[in-house]
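Asks: got a structure for you, letters missing:
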């Protein structure tokens, strides 16, 4: 036979490669191989038939393997153990079995064999157990052919690598199998744990295998399955060998779908929801910004439909929010961030504002969306950040200038998925709260297959984490909040948390579990079964039930606010302010500075040019106009028209026409500083300096209404008092609040001395208190007036610091204080930032007054991580310390 | 006569020999003194460096001017003390007229973290400002004060702290050499006495040069 020679050549190669790369153990036939010997082709009605021949299955048995077993010995053992005879085995070529030999059925007849339904035909001795070429669970089928194998499924005449048939011992395949259809669903009973898959190649000269993931399964082994298991059947897969000509591969995917019992009717929780909302509206009668008694309560009452979005309850809340946002965002000074490291502060508020139809891009003076341009800020508090950023941005389809922010959030969440399919704040073990929140965030993005897979795994993880009573535990404690999060996640995906089998344990659904935490007397929810009800548990449990209620009433998901009508927003405006020293000398040649700050800045706006007009008194001349340290993208040009007193300033890049940028996050930021000098001895008591016009231009098209942004300069006016002797002005930069390191009875005072030309030691003494003031070169540079700082007793009236009788000016230079140089080594670096952190963490000794002055760079009442961040921003971005700008913009003098 | 002549010659030779010996001695003394001087001059530097961690700017051997492609400079750390270092910063000066700083890439020295293998630090840097000022200021700060810190344990056998990406500007010419100088660097400890800092020579810095070729 012509196949014989070819088989002999190739069988050795095939033997090496034919072994599945992963094999599942066969417990039922440990160390055995399945052997079938049959004749289905040479029939008794054939002309060549003799009564000595046989038809049908001669042997169908399992043979025990030993170290010497080969494919051939297994066949011989199977036959002889059953009393049959076989000839030719000793020559590695079977000629006759039970008297029926080659050529008896014609010139193309003889014995051929498959190993796992793949023709090896001859060279059976070449497949040995010792070398792993045959294994436990393999199937050898010896068959009689009358046409060189064509009649038993193997052909030399085609390169058809499709699968002819796939049979399953359980379930119903849909659609009916066709070799040209490659995607199927196999519906099995709900209690099905495993199925046997038997594929048949159209041409058995090509290898076919069945696998789930990276695990291949023998034809004789049932495959364990769950709902959604994908079974892959591949013919002539990569790495498979064939004696035929090369051909492509064919892959068939069978997705297992378990039948779901007809769900029970969803329970109605509206009574609980309604009475709990009523109670909540009474308990939290005036919600404010915060995690309790704030946004979550508002979300409950808005999404639960308890109040109309225009109800006074919400409008009053919004008014309070505007006030809070203005003060908090100003204090944080990070482009609308409400916290330097917790982006969830913004996210939580955005969700609440969306629920009542308020635009978060214009809340008071701030855009709460703007800080989300900074992905580092979003991730500063771990995975919570990107999760809630996505949820918040999606409540009103808020867009960031950087269009990659959403994808960065998604990628970050996917990257943090734990090995068991969920998410956690830390570690690799899924936590129900974080898993549910991650699913809530990703629920809008399941069109991406990677996200869909992650969400599916997350749902499976949540199902697995569910307690036997239907509830959920986090950090070892079963609690209502975790359950609520799972409900919100389910409803976001369209899963009924009350009837879906995955979320029912011992007949108890997630909804059943949550309701056990309800205190029907107080109409509030408990955190755990044995504790009193509290506000946080009530908020979360209630919005969990509201999410469920919305689901069964076919309303939008809890965080899908596309059903909310938003009030129109106003455009953000750029504003300018000016900082001036309070006093200067009346002498001719006195130099001082005016600092023009800008707020509402957007680097992505694409500004190309700034122009500005400043009214300058006759007695002053301008020696320089310098851009702020953080400003880039242009060159400063200016001209003082002395006849009119108009100083015209232009900042742009005449060569490259670059965009103007201001680095860092702290705003308002210094745009430029005007350096003035008195032309003559001044007789006036004061001088007014005002920015009378300022605009930012996108391009040179003056006809275009989108070519320019007018800067609001209403507050860009200041007054400088003129003095003829050494004179003191003072301002309080901050006062301790006693909560942190800085005592409540201490305040930082900045004193500036007009008519003092050099740094001289400055001592304050009013008879009761004595302080050595330290020279600040940074404030002096900023104002142009010699400036000093000291931490003093807050009981000392500020008037005392403008009374020159209380000061002694020494002949020697005074000690200098450098903001941010915590250790006073003359260099600002990571050591100083860390020292700031350590002071806040109380890892180091209580700082001295001088150290407090060096450390509190953001000029608030405390030393904490804000100051550490201030030092980092100064070091990396060159961002000016808030305290320096405050010294020129926040004068508060007794005079 | 011949004897006298011989004697005179011998004397002359003896004198010459003596002179030569003296010169040899003088030269030897000068050489020895020079060696001692060099040792005195150089030894403190060597001694200063012995056993101390070294932060090095690893520049490429040569940088082709024609390539106009980015190149990377590794900042490597030879070793670390036995403390934990929750913060680190460095200032590296360069000439922005000829080099464009493009940004930073991750190194392979890990910080401690939630997982057993730790994680890579998230450095802060301002590319635009760096190119404006000619000084790259890079800082890492662990706000927890130690949970996500550098340490010998998490450094392991890795040495690349961070990677700086540059591009040669069109103004660069063949034969130019551009210095990359660490002007300040610190690995900060809570107990400042244990910090590694260039300012007090507990951290040694080695600068790098970029050599431009055709």
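Replies: Noted; the coordinates are in hand. Everything numeric here is computed off the predicted structure, so don't read it as measured data.

Asks: and the contacts of stretch A:42-57?
Replies: A:36-40, A:98-100, A:104-106, A:109, A:144, A:146 (Cβ atoms under 8 Å, 6 or more residues apart in numbering or on different chains). In this view, the C-beta of every residue, glycine as well, is placed from N, C-alpha and C.

Asks: can you list contacts of stretch A:177-184?
Replies: By Cβ under 8 Å, 6+ apart, stretch A:177-184 touches A:162-166, A:173-175, A:202, A:250-255.

Asks: any chance of a ChimeraX selection covering the buried ones in the residues you listed?
Replies: Command for ChimeraX, covering only those of the contacts of stretch A:177-184 found buried under the criterion 16 or more other Cβ atoms under 10 Å in any protein chain shown:
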select /A:162,163,164,166,202,250,252,254
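
Asks: can you map out the strands along chain B?
Replies: Taking DSSP state E as the criterion, chain B carries its strands at B:54-58, B:63-64, B:70-77, B:84-85, B:87-93, B:99-106, B:135-141, B:150-151, B:160-168, B:177-188, B:196-197, B:204-206, B:208-213.

Asks: show me what the longest one is packed up against.
Replies: Spelled out, that is strand B:177-188. helix A:830-840, strand B:54-58, strand B:87-93, strand B:196-197, strand B:204-206, strand B:208-213 (3 or more Cβ pairs under 8 Å, 6 or more residues apart in numbering or on different chains; DSSP states H and E).

Asks: residues from the stretch 301-450 of chain A in reach of chain B?
Replies: Applying Cβ under 8 Å from any Cβ of the partner chain, one finds that the stretch 301-450 of chain A approaches chain B through A:341, A:376, A:426-428.

Asks: what's the closest of the residues you listed to chain B?
Replies: For these, the residue nearest chain B by Cβ to the nearest Cβ is residue A:426; the value is 4.2 Å.

Asks: run a quick neighbour tally on the closest one.
Replies: 14 (other Cβ atoms under 10 Å in any protein chain shown).

Asks: hmm, the helix or strand in which residue A:872 is found in reach of chain B?
Replies: Using DSSP states H and E, the element containing residue A:872 is helix A:865-877. Yes. Using Cβ under 8 Å from any Cβ, we find that helix A:865-877 touches chain B at A:865, A:868, A:872, A:875-877.

Asks: is it possible to get TSV of these that adds pLDDT?
Replies: Listed next are the residues of helix A:865-877 next to chain B as TSV, based on pLDDT from 0 to 100:
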residue	pLDDT
A:865	81
A:868	90
A:872	92
A:875	93
A:876	92
A:877	88
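
Asks: what's the end-to-end length of stretch A:234-242?
Replies: Chord length of stretch A:234-242, first to last residue, is 14 Å (Cα to Cα, to the nearest Å).

Asks: pLDDT score assigned to residue 99?
Replies: All of this refers to chain A. At residue A:99, the model reports a pLDDT of 91.

Asks: was after chain B, sorry
Replies: pLDDT, residue B:99: 92.

Asks: neighbours of it, how many?
Replies: Around residue B:99 there are 24 other residues, counting by other Cβ under 10 Å.

Asks: ok, now which ones touch it?
Replies: Contacts of residue B:99 by Cβ under 8 Å, 6+ apart are B:166-169, B:172, B:178, B:210.

Asks: quick check: bridge partners of it?
Replies: Beta-bridge partners of residue B:99, counted by DSSP bridges, are residue B:168.

Asks: ok, residue A:247 to chain B distance?
Replies: 44 Å (Cβ to the nearest Cβ, to the nearest Å).

Asks: using the three-state scheme, assign residue A:160.
Replies: coil (DSSP: H, G, I helix; E, B strand; the rest coil).

Asks: what about the strands in the stretch 351-500 of chain A?
Replies: Secondary structure of the stretch 351-500 of chain A by DSSP state E, counting those that start in this stretch: the strands cover A:473-474, A:477-478.

Asks: give the other helices and strands that the first one contacts.
Replies: Packing contacts for strand A:473-474, counted by 3+ Cβ pairs under 8 Å, 6+ apart, involve helix A:432-442, helix A:480-492.

Asks: and stretch A:326-339, what's buried?
Replies: Of the residues in stretch A:326-339, A:328-329, A:332-339 count as buried by neighbour count, 16+ other Cβ under 10 Å.

Asks: before we move on, the earlier item: what lies in contact with the helix holding residue A:872?
Replies: Contacts for helix A:865-877 (Cβ under 8 Å, 6+ apart): A:332, A:340-341, A:630, A:663-666, A:820, A:822, A:828-830, A:832-834, A:836-837, A:840, A:855-858, A:860, A:879-882, B:89, B:124-126, B:129, B:137-139, B:141, B:143.

Asks: one more: stretch A:640-647?
Replies: Here stretch A:640-647 makes contact (Cβ under 8 Å, 6+ apart) with A:613-618, A:621-622, A:625, A:638-639, A:648, A:674.

Asks: what about that stretch, start to end distance?
Replies: 4 Å.

Asks: so for it, what gets flagged as buried?
Replies: Buried-residue list, stretch A:640-647, by 16+ other Cβ under 10 Å: A:640, A:647.

Asks: so what strands line up beside the longest strand along chain A?
Replies: Determined from DSSP E, the single longest strand within chain A is strand A:686-697. Next to strand A:686-697 in the sheet, as set by DSSP bridges, lie strand A:609-615 (antiparallel), strand A:708-712 (antiparallel), strand A:717-723 (antiparallel).
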